[in-house]
Structures are given as C-alpha cells and as structure tokens.
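In: Quick one: sequence and predicted model below, then my questions.
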Amino acid sequence: MSDWLTELDIARARAFHGHMCPGLAIGLRAVELARRELGLGAEGAPDEEIVAIVETDMCAVDALQALLSCTFGKGNLVHRDHGKVAFSFYRRADGKAFRLLFTPPPDPDEAERADLRRRSQAMGLDACARARAEELRARRTASLLAAPLEGLFALQPVEGRAPARARLLESVVCEACGETLMETRARLFLGQTLCLPCFESRERR
C-alpha cells in the first residue's frame, strides 16, 4: 500500500460495500490517486470540500463514498449516467480539478471470466464453476490493487467550476398525486403544478 491508501482504508471500503471485488478495487485506486493529487491524507478534507462527479454507478463509487466523504445526501457526489468508468474531482478551496479515466490493464483471465459470467446469467453455475469464478475475481481484484497507479488511469484536465453546494429549497405539492416535492423538480402542465412522474404520465397520453 501507500501513503494515500492503507489496509485500514481497504477494510473500511469493504465493510461499506459489503464485499471485495474488482469494481471496488478500481474505486480504491481512484481514491488513492485523488488523495495524491489533492495532497490528502487518511484524515481527508473538511466536510463537503471535495466534490466528485462519477460517470458510472458501479461498485467503485462506494469507495469514494466511504473514504472521501463524497455522498449524494450532502450534494458533493454527482452521478452522470455516461456508462464510463471515470471520476472527476474538484477542490472547492482553490478550484483544483481533474478527471480520472480508468484504463483497464491486460487481464489474462478476461475470456474465461466473461464466459463464466455468461453461463451464470444464462443457466447458473455449479459449485465447481462458482469456485472458479470466485478465484478469478479475487485474482483480478489483487492485480488491480497491486498495479502501478499510472497504468490504471488517464489523468485529464477538467474545465469549469465545481457544482454548487446543495441548497435547502422550498417544497410544493403535486396537484395530481398530492405528494410533496422540491420546487425545482416541479413541472407546470395545463395550469397544474405536477411532480415528474405525474407530468410524464400526462405527456404520454
């Protein structure tokens, strides 16, 4: 491990996520590189000081939540559904920002792992195949945790400012379903204030 990622960090992320896997390993290494670039130790940054924009909803994001204190609830974790394993980080204090794009290292077991995934989804695996799949998953996880950082991510510049801090906004009531919602998510339709689900259901009619 390094000054920016410790065995305790790995244990914390594993406990938060529920298990160890290649996806979580990617997130751990992203945290390691982000800490290095931002000069953060294990103690982290002041609350809400670091903002992360993630372009995936896979396991890696849980490492950011567990170790960088970036969460949806605080508004300093933003999901953009691009389907890319990429993470942008912003430091509010001085505007420093960068994007980490995961660049997968060669995986000698990739074909076998893919075959086991397909078989699992199609018909399930017997005990022997499940054990083999777990062995290959553990091997890939270990290789990602041991790989040089420079070979795992492309470090790219980011333009623009960090997303604004989360604000407390007024609530309104949907005139169709009667449920309360944030005013910025409301829509006006034929003179009625509607929530998004009610608005979209009327648009489809």
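Out: Perfect, I can see it now. Numbers count the residues shown, from 1 in each chain.
In: For this protein, which segments are assigned as strands?
Out: Ranges of strands within the chain are 50-54, 77-79, 86-91, 97-102, 153-157, 171-173, 180-182, 187-189, 192-194, based on DSSP state E.
In: Let's have those strands in TSV, adding mean neighbour count.
Out: Where you see a C-beta, it was placed from the backbone N, CA and C, and this is true even at glycine. Listed next are the strands of the chain as TSV, based on neighbours: other Cβ atoms under 10 Å:
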stretch	mean neighbour count
strand 50-54	24
strand 77-79	16
strand 86-91	23
strand 97-102	19
strand 153-157	13
strand 171-173	13
strand 180-182	14
strand 187-189	13
strand 192-194	18
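In: And the ones you listed: which comes nearest residue 120?
Out: Evaluated over those, closeness to residue 120 peaks at strand 97-102, with 23.5 Å, by Cβ to Cβ.
In: what angle do the closest one and strand 153-157 make?
Out: 150 degrees (axes from the mean of the first three to the mean of the last three Cα atoms, to 10 degrees).
In: Can you give the strand pairings for strand 97-102, parallel or anti for each?
Out: strand 86-91 (antiparallel), strand 153-157 (antiparallel) (DSSP bridges).
In: closest one to residue 181 among those?
Out: That would be strand 86-91 among the strands paired with strand 97-102, by Cβ to Cβ, at 27.9 Å.
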